[in-house]
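[1] Need the 3D shape of this:
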Amino acid sequence: MSSLQVTATINQAATDFTQLWANWKVPAISSAARKLARETRITNIVNSFNFLSLPAVSFANLGPNTLGGFNWTDWSLTINDVFTSDDDITYRNFLELCRTIYHESRHCEQVYRSAQGLGAYRPATPLIGLKPPDMTEAEMIQMASDGGGGVASKVSAFSGNPLNQAATRVKLISKLLNIPAAQATAAEASSADFTNFIGLAKPAWFKRRTVKLEVEEWMRSIAKSSLFGMTMFVEQGASDMNKMYKDLPVELDAHKIEDAVAAKTEQDIGHAIATHGALARTNATFGP
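    Numbers count the residues shown, from 1 in each chain. Now for the predicted structure:
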């Protein structure tokens, strides 16, 4: 069972980030070509997390205070191209880029695992999957219904408990979490993985008693955000807004997991950020 929290995945990502650092000045033909090469490598790193429904990766100028973001309504991950445009990127900023890539990818996993948990729900075995804590099964079925129709169609909608049907669960996932139908369908189809995921060793930073209860917190946060029109996780560095949200379960998790990959990347590159953080990639300290 793979996940961004698994040591093997963290170690592989650190290896890939180390290669990204080593090849930062390649190819030599032009700055534009180097920018494109970096963005291609980063996209390939995100695409290696193929235990998820992969997001569309893009790069754009997000301004001076935004590092990146994951939008779950269109399943896209965006990185500020101020990083990839910089031939003289400092070691500190490079590690911030690595953090941002892994952080936003983790947000993608949080939404996807929540969706898988909803897809694993069955009325006869309700403890296996996730059930919205504030909803009855009747309310879940109502949310998943298309609405309209006469009395006969409404009676039919509640007959035989539609939550046993994949199509109903897909609609529930899509509406509750506000994610695309394609990702809701993929999550429901792979919902057996939810049992494997919640069976993984619980990370030390999880606050709830079990992995399943922690994912339930993610689901509640995402559903509530969607209800109030929020559609995107945004990483804003050391801003006051970021400090305000940093202790929320979804953000605490994403920050702790980025700490792990940054520490391993720093170890693999072999230079301490405390000593060399302000040096540019072009500095002879880092080699060719």
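[2] For the rest of this, base every contact and every neighbour count on C-alpha atoms.
    OK.
[3] okay, the residue lying closest to Arg208 once chain neighbours are set aside: pLDDT?
    Counting by Cα to Cα, 6 or more residues apart in numbering, Arg208 lies nearest to Glu214, which is 5.3 Å off, once chain neighbours are set aside. Note on Glu214: pLDDT of 96.
[4] next SSE after the helix or strand hosting Glu214?
    Element membership of Glu214, judged by DSSP states H and E, is helix 211-227. Note on helix 211-227: by DSSP H and E, the next helix or strand toward the C-terminus is strand 232-235.
[5] who does that next one touch, helix- and strand-wise?
    The contact analysis (3 or more Cα pairs under 8 Å, 6 or more residues apart in numbering; DSSP states H and E) places strand 232-235 against strand 68-71, helix 91-119.
[6] State the mean pLDDT of the last one.
    The one in question is helix 91-119. Per-residue scores along helix 91-119 average to 97.
[7] The following helix or strand past that helix: which residues count as buried?
    Sequence-wise, the next helix or strand downstream of helix 91-119 (DSSP H and E) is helix 137-144. For helix 137-144, the neighbour count (16 or more other Cα atoms under 10 Å) marks 140-144 as buried.
[8] repeat for stretch 18-35
    18, 20-21, 24-26, 31, 34-35.
[9] go on, stretch 206-219?
    206, 211-212, 214-219.
[10] For that stretch, give me every contacting residue.
    110-111, 113-115, 130, 132, 177, 198-200, 202, 249-250, 253 (Cα atoms under 8 Å, 6 or more residues apart in numbering).
[11] Apply 6 Å and report the result again.
    114, 198, 202, 250 (Cα atoms under 6 Å, 6 or more residues apart in numbering).
[12] Also stretch 281-288?
    88-90.
[13] Separate out the buried members of those residues.
    89-90.
[14] if we take the contacts of stretch 281-288, which one ends up nearest to Asp81?
    Lowest distance from Asp81 to the contacts of stretch 281-288 (Cα to Cα) belongs to Ile89, with 11.7 Å.
[15] The helix holding Glu214: how far from the chain's middle?
    Relative to the chain's own centre, helix 211-227 is displaced by 13 Å; criterion: Cα atoms, centre = their mean, to the nearest Å.
[16] angle of it against helix 91-119?
    100 degrees (axes from the mean of the first three to the mean of the last three Cα atoms, to 10 degrees).
[17] what's the closest residue to Lys264 other than its chain neighbours in contact with, if anything?
    Of all residues not flanking Lys264 in the chain, Ala14 sits nearest, at 5.8 Å (Cα to Cα, 6+ apart). Going by Cα under 6 Å, 6+ apart, Ala14 touches 261, 264-265.
[18] Mind checking which of these land in helices?
    261, 264-265 (DSSP state H).
[19] possible to save those residues as CSV with pLDDT and distance to Phe70?
    Listed next are those as CSV, based on pLDDT from 0 to 100; distance: Cα to Cα, whole Å:
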residue, pLDDT, distance to Phe70
Val261, 98, 18
Lys264, 98, 23
Thr265, 98, 22
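[20] Nearest to Ala167 among those residues?
    Val261 (37.4 Å).
[21] Quick check: Thr136 vs Pro123, distance?
    11 Å (Cα to Cα, to the nearest Å).
[22] In terms of neighbours, single out the busier of those two.
    Pro123 (14 against 11; other Cα atoms under 10 Å).
[23] what about the closest residue to Arg220 other than its chain neighbours, neighbour count?
    Closest residue to Arg220 apart from its sequence neighbours, by Cα to Cα, 6+ apart: Pro132 at 7.3 Å. Per other Cα under 10 Å, the neighbour tally for Pro132 reads 15.
[24] With Met1 instead?
    Other residues close to Met1 by other Cα under 10 Å number 10.
[25] Just the element for the residue nearest to it when sequence neighbours are not counted, please.
    Of all residues not flanking Met1 in the chain, Asn196 sits nearest, at 6.4 Å (Cα to Cα, 6+ apart). Using DSSP H and E, Asn196 maps to helix 192-198.
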